[in-house]
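Asker: next come a sequence and a model predicted from it.
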Amino acid sequence: MAVGFYVDPCFYLIGSGDFLNSFFSTIYIKLEDSFWGSKYPLIMNELYNGRLEKDNVLQAQKELQQVKEALAKLPPTEVVWDFEDLSLSPPWGNDISEEITNMAEYFVTSDGKNLIDVLEKALKTAIELEDGLSIDVL
């Protein structure tokens, strides 16, 4: 099953739930030093738990920019596939495109878009529509 970000009536496709979990896992382990929500509470608590309320979208947008900048400083070998089992690795292993040079570029949706760019677009839509954002299954 595919998951994505939903801002009524728009759905932004991400891909598998495991793939999206890897995005959050990498933030948790590599950027928050294994203290969930310590640096990015809206993204890691509200959004991860399924729903980012409309009153928090602007601040979440700022958090995402910080996440993007921090991930851009990490090589793609720093990916964390699952924070609950650090021995796991992506199904494709280290076989990634040469165009991916850092972790901000690593997460590419099932339809070929940068996941961070997709989340930025979903957040902008939420602001325009004065709505929250959720993670939903397609």
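Answerer: All right, it came through fine.

Asker: am I right that residue 131 sits in a helix?
Answerer: No - looking at residue 131 with DSSP: H, G, I helix; E, B strand; the rest coil, it is coil, so not inside a helix.

Asker: what's the burial count for it?
Answerer: Residue 131 sits with 18 neighbouring residues when counted by other CB atoms under 10 Å. Every C-beta, even on glycine, is put in place using the N, C-alpha and C of the backbone.

Asker: could you check how far it is from residue 17?
Answerer: Separation of residue 131 from residue 17 (CB to CB, to the nearest Å) stands at 23 Å.

Asker: same thing with residue 136?
Answerer: From residue 136 across to residue 17, the span is 11 Å (CB to CB).

Asker: who touches both of the two?
Answerer: Overlap between the contact sets of residue 136 and residue 17, as judged by CB atoms under 8 Å, 6 or more residues apart in numbering, is given by residue 3.

Asker: helices of this protein, start to end?
Answerer: Secondary structure of the chain, counting by DSSP state H: helices at 17-26, 41, 57-71, 103-106, 115-129.

Asker: give me whichever of those is most buried.
Answerer: helix 103-106 (a mean of 22; mean count of other CB atoms under 10 Å).

Asker: which strands and helices sit next to that one?
Answerer: Helices and strands in packing contact with helix 103-106 are listed as helix 57-71; criterion 3 or more CB pairs under 8 Å, 6 or more residues apart in numbering; DSSP states H and E.

Asker: please name the nearest non-neighbouring residue to the residue nearest in space to the middle of the chain.
Answerer: Most central residue of the chain, judged by C-alpha distance to the mean C-alpha position with CA atoms, centre = their mean, is residue 23 at 4.6 Å. Residue nearest to residue 23 in three dimensions, not counting chain neighbours: residue 107, with 5.1 Å by CB to CB, 6 or more residues apart in numbering.

Asker: how many neighbours does that neighbour have?
Answerer: With neighbours defined by other CB under 10 Å, the count for residue 107 comes to 24.

Asker: phi, psi of it?
Answerer: According to degrees, to the nearest 10, the main-chain angles of residue 107 amount to phi -80, psi 100.

Asker: if we can go back for a sec, quick check: which of the helices of the chain is nearest to residue 82?
Answerer: Ranking the helices of the chain by their distance to residue 82 (criterion: CB to CB) puts helix 17-26 first, at 5.7 Å.

Asker: nice, that's everything, thank you.
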